[in-house]
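Participant: What follows is a predicted structure for the sequence shown.
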Amino acid sequence: MDAEVKKETGNGKIFTWIVFVALILVVLYIAGVFDGKKENGEVIFEENVPPEGAAFVPATDGDLEKELSTPVNVLNAPNDESMKVNVFEIKAEGGTFSPAELILSKAESPFQISFAAVDADYDLFILPPIGAYVSAKNGETAVFAFDTNDGSEGVYTYVCKDKCPEGKRMEGKIIIK
């Protein structure tokens, strides 16, 4: 009889711990620890969702005639020294992106973008199909890479999505030709 009582008590403790852990996870989720961050008491989720009205646009003849942007650096790919990675820089300062337009050759893919937040915290979101998202704190630089394996020419909009100066709509273009 004593063995049965101990077994039931042990199961009760396990159940209590499971409930306790579940409650902690719910509280952490509501507090914004897992899927988002909390700002002004509101949980903000960082999803790679384009802002309203933004879309991929095919390149026009005018876009294709523009001169290519010059990379700030060319690196060897980590696993293949014969492959080169062109490095370009985008700065966020004073509520604007600089340059407002990057013109890249699909033949020179892959690309690396060095994103610098000069005077405040900023983020940069390149709309799908590239779909890259990165954020940088004031004075810091974040780096990400992408390629154009499918060879798509087009105009890819990039925007400040979550960490923008109030009232500012920051937008730029990456033109792949």
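Facilitator: Thanks, I have it. Numbers count the residues shown, from 1 in each chain.

Participant: Any idea which helix or strand in this protein has the lowest mean pLDDT?
Facilitator: strand 42-45 (a mean of 40; mean pLDDT, DSSP states H and E).

Participant: what's the distance between the residue lying closest to residue 143 once chain neighbours are set aside and residue 82?
Facilitator: Leaving aside its chain neighbours, residue 143 sits nearest to residue 114 (5.3 Å; criterion: Cβ to Cβ, 6 or more residues apart in numbering). Quick note: C-beta positions are derived from backbone N, CA and C, even for glycine. For residue 114, the distance to residue 82 equals 23 Å [Cβ to Cβ, to the nearest Å].

Participant: Tell me which of these two has more neighbours.
Facilitator: residue 114 (16 against 6; other Cβ atoms under 10 Å).

Participant: Helix or strand: which one has the residue nearest to residue 143?
Facilitator: strand 111-117 (DSSP states H and E).

Participant: Which other helices and strands does that strand contact?
Facilitator: Strand 111-117 is packed against strand 80-93, strand 122-126, strand 133-136, strand 141-146, with contacts defined by 3 or more Cβ pairs under 8 Å, 6 or more residues apart in numbering; DSSP states H and E.

Participant: ok, 6 Å please
Facilitator: strand 80-93, strand 133-136, strand 141-146 (3 or more Cβ pairs under 6 Å, 6 or more residues apart in numbering; DSSP states H and E).

Participant: Give me the contacts around that strand.
Facilitator: With Cβ atoms under 6 Å, 6 or more residues apart in numbering as the test, strand 111-117 has contacts from 85-92, 124, 134, 136, 138, 140-146.

Participant: Parallel or antiparallel, list what pairs with it.
Facilitator: strand 80-93 (parallel), strand 141-146 (antiparallel) (DSSP bridges).
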